[in-house]
Structure formats: C-alpha cells, structure tokens
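1. what shape does this take:
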Amino acid sequence: MINLVIVESPAKAKTINKYLGKDYLVLASYGHIRDLPSKNGSVDPEKKFEMLWEIDSFSKKYLKEITDAAEDSKKIILATDPDREGEAIAWHVKEVLEKKKLLKDKHLERVVFNEITKKAILDAIKNPRKIHLPLVEAYLARRALDYLVGFNISPILWTKLPGSKSAGRVQSVALKLITEREKEIELFNPEEYWTLASNFTNKDNKNIISKLSLFNGDKVERFTFKNREEIHKAIDIINKSKFTISDVNSKVFRRNPLAPFTTSTLQQTASGRFGFGASRTMQIAQRLYQGIDIEGETTGLITYMRTDGTNISKEAIDDFRKSIIDDYGQKYLPENANNYSGKKAKNAQEAHEAIRPTNISRKPSEIKKYVNADQFKLYELIWSRALSSQMTPAEFDRNTIIISSENDKINFRASGSIIKFDGFLKVYQSQETDEDTKNILPEVNKGEEISILKLVDEQHFTDPPPRFSEASLVKKMEELGIGRPSTYASIITVLSTRNYVELMNKRFHPTDRGKLISAFLEKLFSKYVDYNFTADLENQLDEITSGKIEWVEVLNNFWKDFYQNVGEVKEKRTREVLDLLNESLGALIFDRDEKDGIDRKCKLCSNGELSLKNSFRGGAFIGCSNYPECKFTRPLSKSKAAAQYNLAEPKLLGQNLNGKDIYLKNGRFGPYLQYEKEKEKLEPKKKKRKKKKDENDHLKNVSIPKGIEVDSVDLDKAKFLCSLPKVLGHHPESGKEITLNSGRFGPYLKCENKSARLENVEDLFSIGLNRAITLIADAKPGRISSSLIKDLGEHPEDKKPVRIMKGQYGPYIKYKSLNATIPEEKDPSELTMEEALILIEKRREYDKLKKGKKRKNK
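-> Reported below is the predicted structural model:
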C-alpha cells in the first residue's frame, strides 16, 4: 500500500513526487475542492452560520482520483500551503474523505513546508502534525463574513444605484481610501511660499551651495516668506551683510540594513523599482516558489511568498553568514546575527519566515539563463535584500557647514555626506541612500570669510497629497491593518476590474461610479467602511487563529447590527438615497455661488435644480429636475465638466504642416482634434455614402488619449497626435519598422506581431527608438488588448487559448465562444488554469441545463 500525499497544484505534485520516490503518490486537489455556491442561503445565521458547501463538476473529476487512491493507501498526508487557505483546503479534503468513510483505519497527517526543496519536503514528512482547527475556523469566519456582506449589500446597490457591480467587505474600505484622497485633492487650495538658496565662494574659488536656515534670528520655516515682496526684502538685507564660516562639523552616522521582504514590502519595492503591479509581483514570486527547471530538475528558488514575518530560520542565517565571509570578507559580517522580529506592521502574525532564497549560494548571475527577465529581476531583488539583511551597517561621514552673518541673525546651512564604509550597500542599493551622497562639500576652515556668488530665490506652491499608487495603497492598508498579505493583490485587481478605479500614469483615480458607491457606503453603511472597525474585525479574525475567541461569537456580534442596517437601507426609496448622496457629495459635484454656498441652479433652464442621477449604462451624472423638458446633463466630476464647458466652442490651435487649421473640440466621447484632410487622401468609396455624410468627409477627427489634460494640448502636441501612427525607426535585428500609435486603450508600440503599451501616457511625446526597442523586446507576441487581464495558456484538450478578460460587467474567462463568469471572491489575476477549467465546465453545465429547459417549454 502506498502513502497518498495531497497538494494544491499539479506542478507542485510533480516536483514533490520526484523527491519522495516510489512509496508515495502525490496528487493535486487543483485548489479548493468545494466552495459556497453563489446563491442565497449558503450561510445560515439562524443555524450558527452553518455553511452549505458545493463540489463543482471539475473538482469531482480530481476528487475521484484522490478518493480512489485514498482507498488503497495506508497513510494520507495533507501537504497544502502553510497559510490559512492551505489549512482550509486540507480541512475540506479531510471532511469529504470522512463523509465518504475513507478514513477508517487510515492514518491522516498534516505537513507544511516553507520551501519546495528536497530537504524541506523530507523534513516536513518526518514532522507531521494535526490540522490546526483555529486556523480553519478563522478561514470559515472570513469566508462567511465576505459572503454575508456581498450577498446583502450588493442587491441593494443594484436596485438603488443601477449599473453598480457589487461591494466587497475589504475592497470597499480600500475604495474609500482612494476616493477620500481624491476628495482631498479636489478641495485642496495651494498656498504660495518662497525659498532662498545661496552659492558662496571663498578666496580659493571653492563653491558652497547652501540654504537659508535662520533669518532675523528666527528659524526659517516653509511659510517664512509668503510672497515675492517678502523674499526680495530678505535678499536686500542679505546682500548688505558679510558672512563667515561659523561652524564646521563632521559626524559619522550609520544606516542599518533593511529587513528581508514580507509580502507587502516586496510588492511595494517591486512597484517602485520595476513598475510591477501587486498581482504581477505575486505571479512571478509564485513561479519562483513552485520551481524553475534547472538542468532537468524543478527547483524552488524562494521560500513561501505570502508572509508578514521578517524572521529567518537559524539554518538560513548560518548559510548567509558563511556566504558573506566567503564572498565579501569578515568586515561585512556583524558580530551577531541581525534580528528583525521586533519590527512588525500592525497586525503582523509572523506565521512564516520572510521571503528569502532557498539556497543563498545560488547567485542571481548563475540562474539568469534559466529564468525570464522579470523572474530574474525579482529573484535578484529578493536575493540581495535577504543577504544584505545579515550584513553590517553602511557608514557615512555627514559634514555640515554653518555660514553666519556678522550679527549672527542670518544663517545658511550646507550639508553633504560621503560613504565611509559601504557595508550592506555592497549588495543591496537602497533607493533612499542616494540622497545622502549627492552634495560633496569642499574643505573650509572655521572663521574663514566668504562672499555671495549668487542668491537663488524660488517660488513654490504647496502640493495636494499624491494619489495612491499600487505600492502606496498596499503600504497604507498595511499601516491601518486592513487586509492581509494574501489579499492585497486581489483587492487592487477587483477595484480595477469592476471599473471603480482607473490606473492612469501608475496612480489610482476613482471613476464616477467608484465615487458614487463609496459615498453610498459611507452614508448608509458607515460603520462597515470605517478603518478602525475593519482593522478591529481583522484583529478578531487573527484572535480566532490563536484560539483566543470563538469564530461563531465574532460572526454573531457582526451579524446582529449589520442585518438591522441592511433592513433600514432596503426601506429607503432610490430618490431618497440620491438626495442623501447630493448632500454627501455636494461640495465635490456642484459649484459654489458668490456666498460660498452650494449652487444647484440649472445652467440651461431658469428654474431647474441640478441633482445626482444614475443610468445603468453610463453610471452617475448630473441632470436637471425639469427633465424631459430640460435635457441638461454634465459629468459627475467638476473638472471634467469644466473641460466640457471650456470647449463649448471649438478652439483654434493653429495650422498643421499643410497649412490646414487644427481645432480642439468637445464631443460626446470627450475632447478631440479636427483638421481638414488633403484632397488626394480622400477615398473614392466615400461617393457611395449618403449626401448627408459628404459634408464631413474631408474632416479628420483625432481623439485625445486618456490621461492627457485638455489644457495642456497646444499646437505642438496637436501636430504630433495628428501625425500618428509614426515610424520611430527600424528594429536593429529584424529591420522591421517600429511604429508609435494611440488607440482605444492608450498609446502603444508595434513591431511585426509584437505590441507594447506605454504605461505613462506622457511618454507618447518623448519616447525614442532605444527605449522603444527595449519595450518591444520585453513584449509578448500577439494582439495588445486592455481587456486582457491574463493569458492562462492552452486548454489541455484542444490547445485553444484560455484567457481572463475584463468585461463591462466584470472579469470573465474566454474560451472559444464560451464566456465563463468569475466569482466575485476570486482574484482574476491570480486565477490558475485548473480553476479556470472548473469554471468553464460549470458554464457548460449551465448552458446544457438552459437548453434543456427551453426544449421542455416548447
């Protein structure tokens, strides 16, 4: 009889089978074998939150393989991932096997491993444990909460705000972060201030660049000089003063190495360094964890990538320390191993090790030939961060020169640093260390007289807080204790795929629909999108894991008030809801009158009142109360509306190279450019058209790409946009043209069968041939499509492509002519082929059932 080992994925099963040998059979469950069906009643609060689980048709196939093998095995080993989801999968398998009475006289074990290497697998097999029930209960509580929130709030959204998708428990709080930041930006009033810098020189003509730090005996703050007049008065006084070096000091300071990566810090750093989104980072890390083929053997290169722990195992630290001595020398090795266990984020569980290489001696340069470019970048980042975390601090000489006036009432300060000892920077270049080494100061003596070479006054305006990038959003959620390492990527993906936010120039902009939903939840379900409430709920879920609180108790406490809140909102009429939102969003969506009050007078008719309205297709907009007599409408966003009004009349920008006028106009689908075509370019086919259309046949319309401010479109930009598509040059290898163009989904490059999208829309005006060649080299063959979320590969049966697409009503799976809906709780970007095949089978079953009902009705 064999020993049956059950893991999640077939790739993992194949590798582990090689390590364990002929006495073991390793089978894959293909993720969760059962889940809550997407219908009412799957969670019953009246029966202690009893859950009705469903095994789908695809899972039945693989579950049969597992149950058949279980009958003939003497031991069943559950070896799923070492986190909450992995524990839940193991529990589901155990429950199904128990119901089928297949565990009688069988020995059931649970094993976990943090890396997929032979040693780690064999050690795990030798050290089995039981399923950790509190971890399973935490999963059950989280799953029930997400179901209860989604299936109670979403139907209200559909009826009160037509066109809305749904509201997730944690996603809604993340959306609130983005919309609140947008509100801060829209209401922000910039304030003017001035700074003063000086370039001093001594008798040896050595220049010292410094900043004014003391004026009239007072420390210089940001708003010390509020306007041009104040700064010029200061300049007059300074020009009449004499200056000497009053102090020169030098201090050695240390910069300690950073902790090895957790999930969130890896996502943040990969975003900053490489521009990777959270989902993309996790996909690459998953592949590095599951294993890369090296000389015919699948080898896991990094430890488990979903973790909030910063500790490293003693064995790994010993290997790191040996590697540091061998490769860099004794001076780079601290006396004792660096410990990061005290440095945690809010709610950090430290359930696993930090992310590190499975073998530190496997240097990035050695594995480069076995991985693709993105995998290499991420592996090198993880390797260098992990190794550097056990190295000595970097040391800097920080020099400061104080320059004072005769009466000591005016001071200038110059600071600079030089690296004395590179320490951990030998391996890992931290982005924040670059600033310390930019300003190198000359050698000067205290008491030395110096003179002003040049004074530089500069006008500034305060900036609004920046919009969130993926990295800064992850960081903020982690600080607030919202979500967990395994959920950050899916939260971001769900917000994008539901069209609640748009990522423009790598920053999140809430859509009008996103603003509306966030305002709706804040007004009517304020408690459940409160940051502290959400973080406290996450704390309670963590306490279930540690056995401090019962999971049913957590759900009871939540459900009582939530159910009452749902009932109250259901009673409200749609008009009443929209009136509440008019009040909530008033300052953001309506103009102000002369007395700074909210102005809701219609711009078209004399007595109508503007109000928030919503349509299924178009989403939220502002309309007149006198509709249908008055058909005034405008976008929800005041800035979009302002652009629309500014372009109420066509704006003449100038003439193109052919002497034809170029106009900037506003149309139904946004601003666009229009110019007259050359006569020879008119096609004969146009003669066949109706007479009504002949008038405009000689005009050419060019859309303004999304993300480009209308006010920034001058004649040069207009000429450039009208010149597209534009050939940048020829590829050095193929000799084929590389073309720059702008399409429905933004600017892109094309060369033969490869296309590459430009992440920053402004790059359209500055990209050169060298950068274009690099982007084309990294691009995959095939048609570019903004609607494509992920290409899963070929279907195992007929080799046809299986793709995850972004649709009007949410993400879906595209296979031949079949479209399969993806459940809301699933992250589309992290969906595997195995999970996609399950959903495809479900769709097939549904279509068959539908056809059968139609035949009966006939």
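
2. what residues sit buried inside stretch 31-43?
-> 31, 32, 33, 34, 35, 36, 42, 43 (16 or more other C-beta atoms under 10 Å). C-betas here are computed from N, CA, C, even on glycine.

3. end-to-end on that stretch?
-> 21 Å (C-alpha to C-alpha, to the nearest Å).

4. what pLDDT, on average, does it get?
-> The average of the pLDDT scores along stretch 31-43 is 87.

5. ok, so of the buried residues of stretch 31-43, who is nearest residue 419?
-> residue 31 (48.8 Å; C-beta to C-beta).

6. wait, isn't that closest one in contact with residue 835?
-> Yes. Taking C-beta atoms under 8 Å as the definition, residue 31 is a contact partner of residue 835 at 5.3 Å.

7. adding secondary structure and distance to residue 170, write the buried residues of stretch 31-43 out as JSON lines.
-> Output for these, formatted as JSON lines (DSSP: H, G, I helix; E, B strand; the rest coil; distance: C-beta to C-beta, whole Å):
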{"residue": "31", "secondary structure": "coil", "distance to residue 170": "21"}
{"residue": "32", "secondary structure": "coil", "distance to residue 170": "19"}
{"residue": "33", "secondary structure": "coil", "distance to residue 170": "25"}
{"residue": "34", "secondary structure": "coil", "distance to residue 170": "23"}
{"residue": "35", "secondary structure": "strand", "distance to residue 170": "18"}
{"residue": "36", "secondary structure": "coil", "distance to residue 170": "17"}
{"residue": "42", "secondary structure": "coil", "distance to residue 170": "19"}
{"residue": "43", "secondary structure": "strand", "distance to residue 170": "17"}
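
8. quick one: the residue sitting nearest the centre point of the chain and residue 518, what's the gap?
-> What sits nearest the mean C-alpha location of the chain, by C-alpha atoms, centre = their mean, is residue 470, with 3.0 Å. Relative to residue 518, residue 470 is positioned 19 Å away (C-beta to C-beta, to the nearest Å).

9. what does residue 595 give?
-> 29 Å.

10. who has more neighbours, those two?
-> residue 518 (27 against 6; other C-beta atoms under 10 Å).

11. show the pLDDT at that one.
-> So residue 518 comes in at 91 (pLDDT).

12. helix or strand: which one has it?
-> Residue 518 belongs to helix 512-524 when assigned by DSSP states H and E.

13. right, and the helix or strand after that helix?
-> Next element after helix 512-524 (DSSP H and E): helix 531-545.

14. give me the buried positions along that next one.
-> For helix 531-545, by 16+ other C-beta under 10 Å, it's 531, 534, 535, 537, 538, 540, 541, 542, 543, 544, 545.

15. do stretch 791-806 as well
-> 792, 795, 802, 803, 804, 805, 806.

16. turn these into CSV, columns for pLDDT.
-> What follows is these, written out as CSV (pLDDT from 0 to 100):
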residue, pLDDT
792, 82
795, 82
802, 89
803, 88
804, 87
805, 84
806, 75
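
17. can you give me the helices for the stretch 251-400 of the chain?
-> With DSSP state H, counting those that start in this stretch as the criterion, the stretch 251-400 of the chain has helices at 263-274, 278-290, 314-328, 364-367, 373-388.

18. which of those comes out lowest on mean pLDDT?
-> Out of the helices of the stretch 251-400 of the chain, helix 278-290 stands lowest, with a mean of 88 (criterion: mean pLDDT).

19. which residues does that helix contact?
-> 9, 11-12, 15, 115-116, 263, 266-267, 270-271, 276, 300-306, 355, 371, 374-375, 378-379, 382, 470, 474, 488-490, 492-493, 827, 829-830 (C-beta atoms under 8 Å, 6 or more residues apart in numbering).

20. give me the beta-bridge partners of residue 452?
-> Applying DSSP bridges to residue 452 gives these bridge partners: residue 200.

21. right, and it touches residue 242 too?
-> No. The pair residue 452 and residue 242 does not pass the contact test of C-beta under 8 Å, sitting 9.5 Å apart.

22. count of residues packed around residue 18?
-> Here the number of neighbours of residue 18 (other C-beta under 10 Å) works out to 12.

23. where does it fall, secondary structure wise?
-> For residue 18, the element it lies in under DSSP H and E is helix 10-20.

24. so which elements touch that helix?
-> Helix 10-20 sits against strand 2-7, strand 24-28, helix 118-126, helix 278-290, strand 297-299, with contacts defined as 3 or more C-beta pairs under 8 Å, 6 or more residues apart in numbering; DSSP states H and E.

25. what's the closest of the ones you listed to residue 561?
-> Smallest distance to residue 561 across those (C-beta to C-beta): 32.1 Å, for helix 278-290.

26. next, the angle helix 373-388 makes with the closest one.
-> Interaxial angle, helix 278-290 versus helix 373-388 (axes from the mean of the first three to the mean of the last three C-alpha atoms, to 10 degrees): 70 degrees.

27. and the contacts of stretch 537-551?
-> Counting by C-beta under 8 Å, 6+ apart, 84, 134-135, 137-138, 140-142, 145, 347, 349, 481-484, 554, 558 sit against stretch 537-551.
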